[in-house]
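K.L.:
can you look at this prediction? I've put the sequence above it.
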Amino acid sequence: MSRSNVVFLQNGWMFMGVRLLKSIEDIGQEEKNYVERLEDRITGHLTYLLYPKSLIPCSGAGQGCWNLYYGERTRSGENIQVAELKRTNQLNLKGSINMKELTTGVAYEVVFVVKLKKGGCGWEHPVTLILSVPGERDKHRLVNLYEQPKEEWIELKVGQFKAAETDQAISFHLLQHGSHDKKGLVLKTAIVRPKS
């Protein structure tokens, strides 16, 4: 497991981040999955950033539909990989994290950070955001990307939950299935963070 420490400010809080390569259930090879773990130095609450390779399916048309490139920097100055959707008719992004990795009893929210490029097409129908929490009904939201600003990073809120002391995982999805092609969506990260 590869590690390097970074310190930076996020929303006015100081975090100590640990960059690590980490296997996520049902994803596959360890080196293809990138997760960043951040700890609030005051409260001790944990935040996770899941980067594109940990969200894009490795099988089927998954990674072949995306152009992966280093196009963004973190607040600490580190280059991160983003993914631009080349073309597909089946958008299916999935992330998961075991609840034992989170701070028990803390209310969390999950968001996908994306932008729609000018010239992106096929987004006439809304995307579906799903949050699956053990012991709860799945939470579904619909978001129309055409109603969102273009060429700027936006947060698509998936939902919120309270971290429980369990060895089960929560999962979250960004989906749009249809017979029409879509392109021009850029994926930066998914964030699992304490709700403020």
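P.N.:
Everything's here; your move. Numbers count the residues shown, from 1 in each chain.

K.L.:
where does the residue nearest to Val82 when sequence neighbours are not counted land in three-state SS?
P.N.:
Nearest residue to Val82, sequence neighbours excluded (C-beta to C-beta, 6 or more residues apart in numbering): Gly71, at 4.8 Å. No exception for glycine: its C-beta is placed from N, CA and C like everyone else's. Secondary structure for Gly71, judged by DSSP: H, G, I helix; E, B strand; the rest coil, is strand.

K.L.:
quick one: low-confidence ranges for this protein?
P.N.:
1-33, 58-63, 74-76 (pLDDT under 70).

K.L.:
where do the strands sit along it?
P.N.:
3-10, 13-21, 34-40, 46-50, 66-73, 79-85, 88-98, 107-121, 127-132, 139-143, 154-162, 169-194 (DSSP state E).

K.L.:
just put these in TSV and tack on distance to Ile56 and mean neighbour count.
P.N.:
TSV is the format used below for these (distance: least, C-beta to C-beta, whole Å; neighbours: other C-beta atoms under 10 Å):
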stretch	distance to Ile56	mean neighbour count
strand 3-10	23	12
strand 13-21	16	17
strand 34-40	11	20
strand 46-50	11	22
strand 66-73	6	14
strand 79-85	6	19
strand 88-98	6	20
strand 107-121	12	18
strand 127-132	15	19
strand 139-143	19	14
strand 154-162	16	18
strand 169-194	8	19
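
K.L.:
right, and those - which one's nearest Pro57?
P.N.:
Closest approach to Pro57 among the strands of the chain (C-beta to C-beta): strand 88-98, 6.2 Å.

K.L.:
same for the closest one, what does it pack against?
P.N.:
Applying 3 or more C-beta pairs under 8 Å, 6 or more residues apart in numbering; DSSP states H and E, one finds that strand 88-98 makes contact with strand 46-50, strand 169-194.

K.L.:
put together a markdown table for these, with distance to Pro57 on each row.
P.N.:
Listed next are the helices and strands packed on strand 88-98 as a markdown table, based on distance: least, C-beta to C-beta, whole Å:
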| stretch | distance to Pro57 |
| --- | --- |
| strand 46-50 | 14 |
| strand 169-194 | 11 |
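
K.L.:
and Arg87, which of the ones you listed is closest to it?
P.N.:
Nearest to Arg87 among these is strand 169-194; the distance by C-beta to C-beta comes to 4.6 Å.

K.L.:
tell me the angle that closest one makes with strand 139-143.
P.N.:
60 degrees (axes from the mean of the first three to the mean of the last three C-alpha atoms, to 10 degrees).

K.L.:
if anything else comes up later, I'll come back, but that's it for now.
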